[in-house]
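Novice: for reference, the sequence and a predicted model appear below.
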Amino acid sequence: MEVHNFFVGKDGHLRSGWRVAFFGVAFLVCAKLFDAAASTITHLIGGFAGGFWGDVLPFLIGAVVLYSSATLVGWGCGAIFEELPFSALGWWPHRGWLKNAAIGSLLGAASLLLAAGFTAVTRGIRFTFNASPGTTIGKTAIVSLVIFVIAGAAEESLFRGYPLQTLTRAKLAWVGVLITSVPFAAAHLANPNVSRGFTFVNTTVAGVWLAAAYLRTRSLWLPLGLHWAWNWTQASLLGLPVSGIQRIAPAPLLHAMNAGPDWLTGGAYGIEGGAACTVALVISTVVIWRMKFLSKAPVALTASNQ
């Protein structure tokens, strides 16, 4: 193969593998720069953020850094390598975007409730109502909703953003699903109380679930709806840890008591570390793939070669 063809396709664009590699390097550099700026801001305002905000502020700022870096670099790569507008990145409000976001939110919540239902029926997890004041529960619900939407948008921008999208345009969607779902799973292995086997498998399956939502609609609104609603229902309604993290929803509607077995319920890591999650995600993925009433974003004007 000629050197020219190894790097550049017949359409004159850099091949998709090199585009993804460039995105990865540029994202890491951009995230480091944004993180340094965010650390300075956090240090300056840290003395004013106590209590609940003191616990979640680093998480929230980290999500903003991730979203900003992935979106900016993804937009730049699309514009430089494929002459694509910002709308190709998946965040443009195309016709039917709000319907997709709403369907995703309902399905994300329903999928989590299905997993929780499996554990409740087997008495693996028992739920009781929280005795905290209604105002405290309401504050948790509203604030955590904002946090989960921003965090979900950040992870979708990175993992279902430019890398998956450019490989899909190159007719290598299956490669894109693989190389975004596996790192998505690996990124969760450092979380508290991780159960490495089930955590890796379930988060990889979740990556496929969210990638399927992108492939069905060619935008990020459906994946975002799935993502935030799953996490919010898990933490703010049912009182379960989200990937081992508990501090985001200090006063949920319900309290959850894990009675095991951990292979089903996920133990201290939360429901995402058990078999109930696996079953629910597989069912939800099939439902998404077979849905007939989702709205698809307009096809990007520029097609890319491998």
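Specialist: Ah, there it is.
Novice: can you give me the neighbour number for Thr128?
Specialist: Residues near Thr128, counting by other CB atoms under 10 Å, number 10. C-beta: built from backbone N, CA, C; applies to glycine.
Novice: please name the nearest non-neighbouring residue to it.
Specialist: Nearest residue to Thr128, sequence neighbours excluded (CB to CB, 6 or more residues apart in numbering): His255, at 5.1 Å.
Novice: list the buried residues of stretch 90-101.
Specialist: Across stretch 90-101, burial judged by 16 or more other CB atoms under 10 Å covers 90-91, 94, 96-97, 99-101.
Novice: send the alpha carbons of that stretch over as CSV?
Specialist: The C-alpha coordinates for stretch 90-101 follow below in CSV (Å, rounded to 0.1, in the frame of the first residue of the first chain):
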residue,chain,number,x,y,z
GLY,A,90,-24.9,15.3,17.5
TRP,A,91,-25.9,18.1,19.8
TRP,A,92,-27.8,20.2,17.2
PRO,A,93,-31.6,20.4,17.9
HIS,A,94,-32.8,18.6,14.8
ARG,A,95,-36.4,17.8,14.0
GLY,A,96,-37.6,15.3,16.7
TRP,A,97,-34.6,15.8,19.0
LEU,A,98,-36.9,16.7,22.0
LYS,A,99,-39.0,13.5,21.4
ASN,A,100,-35.8,11.4,21.3
ALA,A,101,-34.6,13.0,24.6
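Novice: for the record, mean pLDDT for it?
Specialist: Averaging pLDDT along stretch 90-101 yields 95.
Novice: could you do stretch 21-40 as well?
Specialist: Confidence for stretch 21-40, expressed as mean pLDDT, is 93.
Novice: same check on stretch 223-240?
Specialist: Mean predicted confidence for stretch 223-240 is 97.
Novice: so how far is it from its chain's centroid?
Specialist: Distance of stretch 223-240 from its chain centroid, counting by CA atoms, centre = their mean, to the nearest Å, is 11 Å.
Novice: same check, this time on stretch 59-71
Specialist: Using CA atoms, centre = their mean, the offset of stretch 59-71 from its chain centre is 12 Å.
Novice: tell me if the residue nearest to Thr128 really is in a strand.
Specialist: Yes: assessed by DSSP: H, G, I helix; E, B strand; the rest coil, His255 belongs to a strand.
Novice: these two touch, right, it and Gly239?
Specialist: Yes: His255 is within contact range of Gly239, at 4.9 Å (criterion: CB atoms under 8 Å).
Novice: now for these two: what residues contact both?
Specialist: By CB atoms under 8 Å, 6 or more residues apart in numbering, His255 and Gly239 have these common neighbours: 127, 130.
Novice: what about those two, which has more around it?
Specialist: Each of His255 and Gly239 has its neighbours counted (other CB under 10 Å); Gly239 has more, 23 against 16.
Novice: about what we covered before: what's the separation between the residue nearest to Thr128 and Arg126?
Specialist: 9 Å (CB to CB, to the nearest Å).
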